[in-house]
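Asks: this one's structure only:
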C-alpha cells in the first residue's frame, strides 16, 4: 500500500517516507528508552491523533507510538515465510466421522495481506485445513473450494450453488458438512440453506471467524474444530451456525440456521440466537444439547434440494419521514415481494399505507417483521397494525427480518401461486417461527 | 368491533353471536367447575386454536377458554365508569421543581378502547397526570398537549414542533421538560431533539410506556415519575430517554438521546443504550450517575433551537441480492442523503458500488453505519470498505443507524455546504459518536 493511502499525513508521513518504510514493512521504532519492533500498520482511525504510527507487535497487539524529534524509525528485513506442505497426507481413520469442509471465502479462510493492509479471502480449503492441523483427530476431512468471496458479495444465486454442493457431499456419504463462510451474511446463507435442504439426514454447519486466522486473537481454530465436531457427531439433522459463545476461547454455540444474527461488528461472540435458544453448546469437543433439534440424524432420510430464489424481493426498514415513493418504485420495477421492517409490534407510518395496499393489489407479497429484532410482531394491538392486516400484510410473528427476506425469496421461486407463498410465509417451516404460548384452559375447569 | 373482524370463527363465533356478545363486553364463561368473568378480547393470534375464547380477567391476565357443549357464555352488564375530576386542583409547592410535561400521544398516554379492541392515544396530558396523582409530590407539573399521535406517525416536521414547544417551556422557566411519546420512534425523536436543542440549560426527558396505563402490568407510572425526577432534579442538561431498567417495577434508566434503541417489541425494559453506558439509574426517586452527562444543569445557559430537518434522506439496509436500482431511483428523485446500514464493519455488495459512486458524484451525502447495531464501522479492514471510503462514503464510527439518519436530515437542513455536512457527519456533536480508544504511547517510552 502506498503510504499516501495509508492514513498517515504531515510530518509522520515525511519521516516514514524518508526511512523508506511502507505499510506492511517490519520496522523498529525507538522512542526515549522504549523500543518497539513489528509491522507498520495502516491508520485505521479517521481523524485520530496524526502524530502517531501504529505498529503490530510480535505479540499481535497494535501499539500507537508518537513520532517526533525524539523518535527514530528504521526499516528491518522481513523474516522469510516458512513454506508449508501444500498437501497434507491424509490417511482415513475409520473410527472418525467423515466431514466435508466447503470453503466459500471470508475471514475464516483468510490472511491479512500486509502489502495492502487489507484482509483477502483465501483460495483453498486446504489452506484452512493446514491452519488447523488438529482437525485430523476430529474427523476425516474432505476439503473443497466452492467459491472465494467476501460474504457481503454472496448472492441468492450463490446460495443455490452452495446448497447443491452441500447436497453432493451428503449424497456422497458425508456424515456432516461444514461450510466456511464470511460472517457478514453468514446468517442469511444459513437461512437460505435451511429452506433449500429439505429432509436432511445429517447436520450442515456454517462457520466463520471474526479475526483472520493468522492473528493471535483469531477465533478461527476453535470455531472450525467445533463445527467439525457438530457436523460429524451431533445428533441433529438441520442447518446450524457455529460461532464463539463468549469472548474467551472457551466454548462455542450452535445456533439454528433461521434464528442466528450477527449482533456485533467485531466481537468473537457476535452471533446470537434471536427469540430462541441455541441448539448446542460445544466445549472441549463435548456437545451439550440446549434445545431439541428439529430432526435427529438419520442417514436413511432422502435429501431433497429446492435451491431456487427469486431476488425480486426487497427489505425496507420503516422510519419517520419515509415516503411512499420507494414502494411505488418497487411495484413499477416488477418486484414480487417486500419485507417490511416495521417499528415496534409491526407498524408503518400511515403515509405509506396506500402504497402498501397498491403493492398488494398488484400481486406483491408484503410481509411484516420488527426492527426491534427481539420480540414478536403483533398487529392486533394498535390501529396501524390492524389497518395493515386488513390491507393484507402478512405478519411474520417472531421471525427475523433477514430470515423473512430469504424465506420470501425462496417461497416466490418455489410456489406456483402467490396465495401459497402468503400462507407459508406466516407458518413455521424450519423453526423460523414459534407460536406464542398462551394460557389455555382445555380441561374441565381450573385456572392453571 | 364486529365479531367477524375479531378473529373468532366457526362454532365459537356462532356461540358468541347467539349470546349477543361483542368484543369488549363483560362476560361470564362457565366450563365444568370453572367460572371466569372478564372482558371478551379479540383473538390476537392468527391461526391459533379456533375453539377458544380469550377473556381478560379482572386480574388483568388473559385466559383462553375452550368453548364446546360443556361451556356456557353469558353477557354481563358492564360496570359504570367512575367519573374522575377532570381538573385536579394544583397548588404550587415552592420546594419542588417545576417540570413541563408535554404529551405527544402513544401508549403512555393511552387507554385500551375495548369497543375496537385497539389502543388509542389519549387526548390530554391532564389525563396522564390524573392517572399518576403521586406526581404532585415530585414536581409542580405544567401539563400540555402538543399532539396526539402514535409514534409510528411522527414525522420530521413533528420533531420541529416538539423542539419548539420544548424550548418555549424552558424559556418560561421550567426546571426540566418531560415529553410523553410512543415507544416505536421514541429514540428517533430523542435523537432529533438532541441535535435541535443546543446549549440546553436543563434536562429534556423523553418517556414512553410499553403497556397502556389502564393495564395492571403498565410501566407508565414508574417511567413517568422517574422522568419527572430526572427532569426536575438531575444534574444534567441534555436530552435523555427514561424507560424501565428491567422487567420488574424496580428501577429505570436514563439513556442518552442519541444512543437509545428499542430492542424488544413488548418487554418493559425494551430500551438499551447502544455502545455507551446509560447516564442515570433511578430507583425510589434516587438518581445515581452511571456515566457523566454531556453538560451539567446551568440555568444561565442560553438555549438555541435549530429545528429544521430535510426529509429527503433515506435509510437503506444492505442484504444479499440488493440491486443498484433503488439507489439509482433515490438519485433521480432528488434525495440529498442516504444512510447505508452496511453488513459487518460497514460493507455493501459490490453490485451497488457504482450506484453509490454515482450518488456521491451527484452530490448526495452517503454515510455508512452497521446493521450489527453493536460495535463500530471500520472500513479499513476489508477491500469492500476501503473501496467505499475511496468513493467518498462517510464512516459513522459507532453511531446508531437511526441516529445517523436523523443527524443527516438535520445536517442537510442546517449546513450551507454539503462538505460541511459530510465533515460533521463523522464527528461527535452530542455524544452520538465515541472515538475508539487505542493504546497510545505518548510519554518517553514504556510499554503500558
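Replies: Okay, I see it. Please read all numbers here as calculations on a predicted model, not as lab measurements.

Asks: ok, now which ones touch the nearest residue to residue A:369 once chain neighbours are set aside?
Replies: With sequence-adjacent residues excluded and distances taken as Cβ to Cβ, 6 or more residues apart in numbering or on different chains, residue A:369 is closest to residue A:401, at 4.1 Å. C-beta here means a position set from N, CA and C on the backbone, and glycine is covered the same way. Shown in contact with residue A:401 (Cβ atoms under 8 Å, 6 or more residues apart in numbering or on different chains): A:315, A:339, A:341, A:369, A:370, A:371, A:373.

Asks: which phi and psi values does residue A:401 adopt?
Replies: phi -50, psi -40 (degrees, to the nearest 10).

Asks: do the same with the one 5 residues further on
Replies: Its backbone dihedrals place residue A:406 at phi -60, psi -40, with angles given as degrees, to the nearest 10.

Asks: contacting residues around the residue nearest to it when sequence neighbours are not counted?
Replies: Excluding the flanking residues, the one nearest residue A:406 by Cβ to Cβ, 6+ apart is residue A:191, at 4.2 Å. If you count contacts by Cβ under 8 Å, 6+ apart, residue A:191 has them with A:257, A:258, A:400, A:402, A:403, A:406, A:407, A:432.

Asks: nearest residue to the fourth one in space, please, no chain neighbours.
Replies: Among residues not flanking residue A:402 along the chain, residue A:188 sits closest, at 5.3 Å (Cβ to Cβ, 6+ apart).

Asks: helix, strand or coil for the one you found?
Replies: helix (DSSP: H, G, I helix; E, B strand; the rest coil).

Asks: and it, how many residues sit next to it?
Replies: For residue A:188, the number of neighbouring residues by other Cβ atoms under 10 Å in any protein chain shown comes to 27.

Asks: same question, residue A:173
Replies: Using other Cβ under 10 Å: residue A:173 sits among 11 other residues.

Asks: that one and residue A:98 touch, don't they?
Replies: Yes: the pair formed by residue A:173 and residue A:98 meets the contact definition of Cβ atoms under 8 Å, at 6.7 Å.

Asks: the lengthiest strand in chain A: partners in the sheet, and parallel or antiparallel?
Replies: For chain A, the strand that runs over the most residues, judged by DSSP state E, is strand A:34-41. Partner strands and pairing direction for strand A:34-41 (DSSP bridges) are strand A:26-31 (antiparallel), strand A:52-57 (antiparallel).

Asks: what mean pLDDT does it have?
Replies: Averaging pLDDT along strand A:34-41 yields 84.

Asks: low-scoring stretches of the stretch 101-250 of chain A, by residue?
Replies: A:109-131, A:212-217 (pLDDT under 70).

Asks: mind listing what's buried in the longest helix seen in chain A?
Replies: The residue-count maximum for a helix in chain A (DSSP state H) belongs to helix A:156-171. Within helix A:156-171, the residues that qualify as buried are A:156, A:158, A:159, A:160, A:162, A:163, A:165, A:166, A:167, A:169, A:170, counting by 16 or more other Cβ atoms under 10 Å in any protein chain shown.

Asks: cool, and stretch A:132-143?
Replies: Buried residues in stretch A:132-143, defined by neighbour count with 16+ other Cβ under 10 Å: A:132, A:135, A:138, A:139, A:140, A:141, A:142, A:143.

Asks: from the residues you listed, which is closest to chain B?
Replies: Nearest to chain B among those, counting by Cβ to the nearest Cβ, is residue A:132 at 21.9 Å.
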